[in-house]
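# Next one to model:
(4 chains)
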Number of protein chains: 2
Amino acid sequence: MGRTAGRSPEETRRALLAAAAEAIRVRGIHASLDEIARFAGVSKGGLIYHFASKDELITALVRTELAAFQAAIDAELDPADTAPGRLTRAYIRAVLSGTDDEARESLALITQLMTLPAVAEVARADAERIDAALAADGLPEDVLALVVAAADGISSAPLWGGSTNTPADRRVAERLLHLTRHPQWWESLPWPPSQAGS
Amino acid sequence: MGRTAGRSPEETRRALLAAAAEAIRVRGIHASLDEIARFAGVSKGGLIYHFASKDELITALVRTELAAFQAAIDAELDPADTAPGRLTRAYIRAVLSGTDDEARESLALITQLMTLPAVAEVARADAERIDAALAADGLPEDVLALVVAAADGISSAPLWGGSTNTPADRRVAERLLHLTRHPQWWESLPWPPSQAGS
DNA sequence: GTCTATAGATAGATAGAC
DNA sequence: GTCTATCTATCTATAGAC
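Prediction:
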């Protein structure tokens, strides 16, 4: 009964969101409100006071995660870098930053959340926004497509049970960064004009 | 009551597995047995006759999906191609084959199934097996890492709500295939020996 | 602001009829 | 070989005490 000693409503909300993220990572999207609430140190009734429904809790969690990813990109933007591809470089660094465990946890959470159609739609719109920004970053279309695909591929390895941030990954990432500085090099790849097969 | 007209046990099993795949794609890993059974045209009791528990159904479904992916790689192996990187080329083609919708559906199912720890472990072992085979495919390590990462990245786009098999994707894929034929080209990328930044 | 108690819905699984 | 009926467990959400 009574308030948990000296915790503001905002702190309680944050604790509930963190608990929801953790519970959903571990137990899946159907982690119960009871479980989440207990994890945050409040009762189920207490959770419902802050988030009127499970849907409202999930929606708030998604907004938090998408904002965190955008913040990670912003944090990697180098003010001294004004050359074409600066956003793409920040994207590569943001996608590949963090430890292997962090990447795995983040991906586990996202895949769980994407289960819900409403969440998938919000995420799609956000991805489209980022893609549009990258497309306006000044790199040739094909180089951008390769670099972003490779970065996404490295970061999605935990999906299939693999690791990120292996030495091989870091070598690839550095070459990708280098490639954004010298895009004409990729376009100089000798290309058989009209030939089937590879 | 009695049997559904002229369907063999094997056909019923296949129908149940297909129904489970569809239901889990659409409704998530917590799709009910009742729903899956109805989708396959049998009762929940009928399903339980063929698969003693939900766990047994899911396990069989995972084995089916992993076998289908391996079969897709095998189908893309070119008997006339005996050069180093032949398996990697088959992998690229297998990962990027199929329609955009098929890729999206397959990924949606896999991410749902990976929710379960037992499934994740089986998938991890399978991914490790494929990685080992690719590592023995005769390509330089760094080229293999780039090519596989890019292919995985393209195919994982639906995860974030994007599309696969866009014209840009196909152009990248063709250059990746070409790269496996001329790996020394990637390694010739001018490389600043010891320099921070990109 | 957080709690208890409980309603109402739905899940997986069993038993046994046909 | 497939079905109906039912048990038990667990979930979200509400009502209202403190």
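# Tell me which residue of chain A lies closest to DNA strand D.
Across chain A, no residue is closer to DNA strand D than A:Ser32, which sits at 3.2 Å (C-beta to the nearest atom of the strand). Any C-beta I mention is one placed from the backbone N, CA and C, and that applies to glycine too.
# ok, that residue to A:Leu57 distance?
Between A:Ser32 and A:Leu57 the computed distance is 12 Å (C-beta to C-beta, to the nearest Å).
# more crowded one of those two?
Neighbours per residue (other C-beta atoms under 10 Å in any protein chain shown) separate A:Ser32 from A:Leu57, with A:Leu57 holding more: 22 against 12.
# Look at that one and give its secondary structure.
The three-state label given to A:Leu57 by DSSP: H, G, I helix; E, B strand; the rest coil is helix.
# who in chain A is up against DNA strand D?
Counting by C-beta under 7 Å from any atom of the strand, chain A comes close to DNA strand D at A:1, A:30-35, A:44-45, A:48, A:52-55.
# on that earlier part again, per-residue pLDDT, the residue of chain A closest to DNA strand D?
Each residue has a pLDDT score; the one for A:Ser32 is 95.
# which phi and psi does it have?
The main-chain torsion angles of A:Ser32 are listed as degrees, to the nearest 10 and equal phi -80, psi 150.
# now stretch A:147-165, how far from the chain's geometric center?
Chain-centre distance of stretch A:147-165: 12 Å, with C-alpha atoms, centre = their mean, to the nearest Å.
# wait, does it contact chain B?
Yes - Stretch A:147-165 lies in contact with chain B when judged by C-beta under 8 Å from any C-beta of the partner chain; the contacting residues are A:148-154, A:156-157, A:159-162.
# how about the worst-scoring helix or strand of chain A on mean pLDDT: buried residues?
Across the helices and strands of chain A, mean confidence by mean pLDDT, DSSP states H and E is lowest for helix A:183-187: a mean of 86. For helix A:183-187, burial by neighbour count (16 or more other C-beta atoms under 10 Å in any protein chain shown) applies to A:183, A:186.
# which residues touch that helix?
A:84-85, A:139-140, A:142-143, A:146, A:179, B:189-190 (C-beta atoms under 8 Å, 6 or more residues apart in numbering or on different chains).
# Could you do stretch A:80-90 as well?
Contacts of stretch A:80-90 (C-beta under 8 Å, 6+ apart): A:73-74, A:76-78, A:133-134, A:137-139, A:144, A:147-148, A:177, A:180-181, A:183, B:198.
# Roughly how far does the most centrally placed residue in chain A sit from A:Pro167?
Compute the mean C-alpha point of chain A, and by C-alpha atoms, centre = their mean the closest residue is A:Phe69, 5.0 Å away. Distance check for A:Phe69 against A:Pro167: by C-beta to C-beta, it reads 25 Å.
# tell me the mean pLDDT over whichever helix or strand A:Glu10 is part of?
Secondary structure from DSSP states H and E places A:Glu10 in helix A:9-27. For helix A:9-27, the mean per-residue pLDDT is 93.
# so, in contact with DNA strand C or not, that helix?
Yes - counting by C-beta under 7 Å from any atom of the strand, DNA strand C has neighbours in helix A:9-27: A:9, A:12.
# Next, the buried residues of that helix.
Residues of helix A:9-27 classed as buried under the neighbour-count rule (16+ other C-beta under 10 Å) are A:12, A:15-17, A:19-25.
# Check stretch A:125-141 too.
Residues of stretch A:125-141 classed as buried by neighbour count (16+ other C-beta under 10 Å): A:126-127, A:130, A:134, A:137, A:139.
# So which of these are in helices?
A:126-127, A:130, A:134 (DSSP state H).
# tell me the contacts of A:Asp78?
Counting by C-beta under 8 Å, 6+ apart, A:Asp78 touches A:86, A:89-90.
# Which one of the residues you listed sits in the busiest neighbourhood?
Using other C-beta under 10 Å as the contact criterion, the top neighbour count among the contacts of A:Asp78 goes to A:Arg89, which has 24 neighbours.
# Retrieve the pLDDT associated with it.
Spelled out, the predicted local distance difference test score at A:Arg89 is 98.
# Could you export whichever strand or helix holds it as PDB, CA atoms only?
In this assignment (DSSP H and E), A:Arg89 forms part of helix A:86-96. The C-alpha trace of helix A:86-96 is given here as PDB (Å, rounded to 0.1, in the frame of the first residue of the first chain):
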ATOM      1  CA  ARG A  86      28.100  11.600 -44.000                       C
ATOM      2  CA  LEU A  87      24.600  10.300 -42.900                       C
ATOM      3  CA  THR A  88      25.400   6.900 -44.400                       C
ATOM      4  CA  ARG A  89      28.600   6.700 -42.400                       C
ATOM      5  CA  ALA A  90      26.700   7.600 -39.200                       C
ATOM      6  CA  TYR A  91      24.100   4.900 -40.100                       C
ATOM      7  CA  ILE A  92      26.800   2.200 -40.500                       C
ATOM      8  CA  ARG A  93      28.400   3.200 -37.200                       C
ATOM      9  CA  ALA A  94      25.100   3.300 -35.400                       C
ATOM     10  CA  VAL A  95      23.900   0.000 -36.700                       C
ATOM     11  CA  LEU A  96      27.200  -1.700 -35.800                       C
END
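# quick one, the very next helix or strand once past it and helix A:86-96 angle?
Moving toward the C-terminus from helix A:86-96, the next helix or strand (DSSP H and E) is helix A:100-113. Between the axis of helix A:100-113 and that of helix A:86-96 there is an angle of 90 degrees, by axes from the mean of the first three to the mean of the last three C-alpha atoms, to 10 degrees.
# Can you give me the buried ones in helix A:100-113?
Neighbour-count burial for helix A:100-113, with 16+ other C-beta under 10 Å as criterion, is recorded at A:103-113.
# Which entries in those are shared with the contacts of chain B?
Near chain B, judged by C-beta under 8 Å from any C-beta, the entries from the buried residues of helix A:100-113 are A:110-112.
# Would you mind putting those into a markdown table with pLDDT alongside?
Conversion of these to a markdown table gives the following (pLDDT from 0 to 100):
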| residue | pLDDT |
| --- | --- |
| A:Ile110 | 90 |
| A:Thr111 | 88 |
| A:Gln112 | 88 |
